[in-house]
Structures are given as C-alpha cells and as structure tokens.
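**Q** Need coordinates for the below:
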Amino acid sequence: MKRLFTGLTDPGLVRSANQDSYYIDPTGRFFIVADGMGGHAGGQEASRIAVEAMQVYLEDNWDSAESSSALLETAFLKANRAILQDQSTHPERADMGTTAVVILFRGEESWCAHVGDSRLYRLRGAKLEQITEDHTWVARALKMGDLNIDQARVHPWRHVLSQCLGREDVRQIEVQFVDVQAGDRLLLCSDGLTEELSDHLIASHLKSIRVCEKAAAALISAAKDNGGRDNITVVIVAIYGVGQLL
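**A** Below is the predicted model of the structure:
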C-alpha cells in the first residue's frame, strides 16, 4: 500500500509559544506528535526532546530483530529517560513533560503507542474511530460511566493527565496493533484540535477534503475559528492500494 502524508502545527490564537512538536519520517515509516507542558521553555523542550529521542531510536533500530511493539515501547522509554536527564541538568524545567502519539508501518503491520491525550484517529469510509484512549482523569470517569460525553467536554479537570512522559513512574507504555486498509485516512493530533472540534466535525473535514495538505490546513483553521485556545498540531496519513487513484 502507498502512503501520502503531511503535517502542520500552529500556535493557535492565545498561546504566545508553540509547545507542540511533530516528526514525519521522509519515507513514511513512522509519524510522531507530542504536546509539551510545563511553561513555555519547559513544554517546548519536553516535546522536542521526546520527538528527537524517539526519532533517533526508531531510525537506528529499524532493521533490528526487535518486534515492532517492543521497538515502540523502548522508543518511548528512551524519550522519557532523555526528558528526566534534561530535568536533572536544568532544574528550572523540573516540571516539564509531554504527551506523545506514534504510529509506525513496519513490514506488513502497523503499530501505535501513546502517552497522554494526543490522539490517533482512523477514518474508514464514513466512520471516524478514535484508536487511542486518553490518559486523563476525565477519560477514566467517562469509561466508568461517571460522566457523559457532553459533561466530559466541558469538565474543569478534562486536561488533568494520568500519565505523561517526563515522570519517574512511567514504566509501561500502551502499545497496540492498528488495522489499516487501503482507503483509510489516519490522523495524529494534539488536544489543541480535539478541544475545539468534535469528532463529527473532524470526520467531516477528512471526508470532504481528500488532499492531505488541504485537509490539515482546514482542520487547523476550523480549530482557530472555534477559539484556538491551545497549540494545534495535525499529521494526516492517507492509505492507498496498488493501482488506486490518488
């Protein structure tokens, strides 16, 4: 299968700095989005360090015998350790951390891993599905039935993370196989997008705009039109079968 892809980030309308980072492997093997926190310098550094550490590890070990799931887990743990080391060197950034979501295409399989509330979505036909599950207090309350979706979207604790990179207690990373078929469109994004746009609106843009670059720009523009209160990052990957029209 052939992959077309693009990425775009924007500081939004309120934040003076962009604490999001992303990386797209030039050959389309893997894609990373990270959303930093901990003050302007701290958040920017945390997401940058995480993305760079994962990029280097994945590139250096891509052809190893390590399974794809183990490769992803180790990449995340390396990123966490790199942030902790920076914290020890720069005490002023001791509170910094970052979310992260990654998908890789290796051999005939696709795997993703994430920490925090940066998300991976899959659009198949007319159906948009959130593949990752947010590591937040609100997501857990929603799963337990303590909140409904409308309550969760406006809850004052909706940004409280239960897990992020940059913490000593990060031990095991959530890794999962992702079923990918020709015709699918994958979206990796920071919560600056999902805070402003419902899944219905995200799906509408992905379905109606087929060119990846135009879809990414439209999603960010729509998020800004709805408030743009946080940094916004989107990475779109379109999957095509052999001989399928692009």
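
**Q** And for Glu108, the neighbour number?
**A** If you count neighbours by other Cβ atoms under 10 Å, Glu108 ends up with 7. Heads up, the C-betas are built off the backbone N, CA and C, glycines and all.

**Q** so where do the helices sit in this structure?
**A** Assigned by DSSP state H, the chain shows helices spanning 40-61, 68-89, 137-143, 149-154, 191-194, 199-208, 212-225.

**Q** wait, doesn't Ser47 sit right on Gly38?
**A** No - taking contacts as Cβ atoms under 8 Å, Ser47 lies outside contact range of Gly38: 10.0 Å.

**Q** Which of those two has more residues huddled nearby?
**A** A side-by-side neighbour count of Ser47 and Gly38, using other Cβ under 10 Å, places Ser47 first with 35 against 23.

**Q** Could you list the low-pLDDT ranges of the chain?
**A** Filtered on pLDDT under 70, the chain yields the residue ranges 40, 137, 139, 141-158, 243-246.

**Q** try it again with 50
**A** Within the chain, not a single segment meets pLDDT under 50.

**Q** count of neighbours near His90?
**A** Close neighbours of His90, defined as other Cβ under 10 Å, add up to 13.

**Q** Kindly apply the preceding question to Arg210 instead.
**A** Neighbours of Arg210 under the rule other Cβ under 10 Å: 12.

**Q** Quickly note the distance from the residue lying closest to it once chain neighbours are set aside to Asp230.
**A** Of all residues not flanking Arg210 in the chain, Ala238 sits nearest, at 7.8 Å (Cβ to Cβ, 6 or more residues apart in numbering). Using Cβ to Cβ, to the nearest Å, we find Ala238 at a distance of 26 Å from Asp230.

**Q** So if I had to pick from the two, which one is more boxed in?
**A** Between Ala238 and Asp230, Asp230 has the larger neighbour count (other Cβ under 10 Å), namely 24 against 21.

**Q** so who does that one touch?
**A** Applying Cβ atoms under 8 Å, 6 or more residues apart in numbering, we find Asp230 in contact with Gly12, Val14, Arg15, Ser190, Asp191, Gly192, Glu195.
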